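Asks: Here is the input, now give the coordinates:
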Amino acid sequence: MKRPEPKALKGQYPLAEMDVKAFTGLPNLRSFFMDAEYSDGGGERQQGQAIIRAEPGRWCLTLKEPTTCQMMYLSAPNWAELLKLADGLLGSPDAPWATDTWAVAKKPKGAKK
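Replies: Down below sits the predicted model:
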């Protein structure tokens, strides 16, 4: 299968190389990390960010949406379940996004929220 080219936005490409195999079966996670614009025509977006932690008895993942200053905290007993949970919630209108107060405080004045 031919690997798709990164989607350009005003001549810019994602900073990280796309690895299609790493996101097999996880289309929402792939979009979260790689899309440079919102699918609904909502304009440009910074690629998503993640913080991964291994804690006693569980894996934890904090997903950050820098453009909108939102974050979501997830945990699961194993890595596979965590990825499946994250992908499912990223595709859900009921995802438990919360305001990222640190990102709001660091966002330049006059920037889109």
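Asks: downstream neighbour of the longest helix along the chain in the secondary structure list?
Replies: Ordering each helix of the chain by length in residues (DSSP state H) puts helix 79-90 first. The helix or strand immediately downstream of helix 79-90 is strand 98-99, counting by DSSP states H and E.
Asks: for this protein, what spans make up the strands?
Replies: Ranges of strands within the chain are 49-55, 58-65, 70-76, 98-99, based on DSSP state E.
Asks: Out of these, flag the one nearest residue 109.
Replies: Comparing the strands of the chain against residue 109 with C-beta to C-beta, the closest turns out to be strand 98-99 (17.3 Å). Where you see a C-beta, it was placed from the backbone N, CA and C, and this is true even at glycine.
Asks: helices and strands around the helix-or-strand element of the chain with minimal mean pLDDT, which ones?
Replies: Ranking every helix and strand in the chain by mean pLDDT, DSSP states H and E puts helix 27-34 at the bottom, with a mean of 90. Helices and strands touching helix 27-34, by 3 or more C-beta pairs under 8 Å, 6 or more residues apart in numbering; DSSP states H and E, are helix 79-90.
Asks: now the strands of the chain as CSV including distance to residue 25, mean neighbour count and mean pLDDT?
Replies: Listed next are these as CSV, based on distance: least, C-beta to C-beta, whole Å; neighbours: other C-beta atoms under 10 Å; pLDDT from 0 to 100:
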stretch, distance to residue 25, mean neighbour count, mean pLDDT
strand 49-55, 17, 11, 97
strand 58-65, 17, 18, 97
strand 70-76, 16, 17, 98
strand 98-99, 27, 10, 97
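Asks: Serialize these to JSON lines and add fields for distance to residue 86.
Replies: Converted to JSON lines, those look like this (distance: least, C-beta to C-beta, whole Å):
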{"stretch": "strand 49-55", "distance to residue 86": "8"}
{"stretch": "strand 58-65", "distance to residue 86": "6"}
{"stretch": "strand 70-76", "distance to residue 86": "6"}
{"stretch": "strand 98-99", "distance to residue 86": "15"}
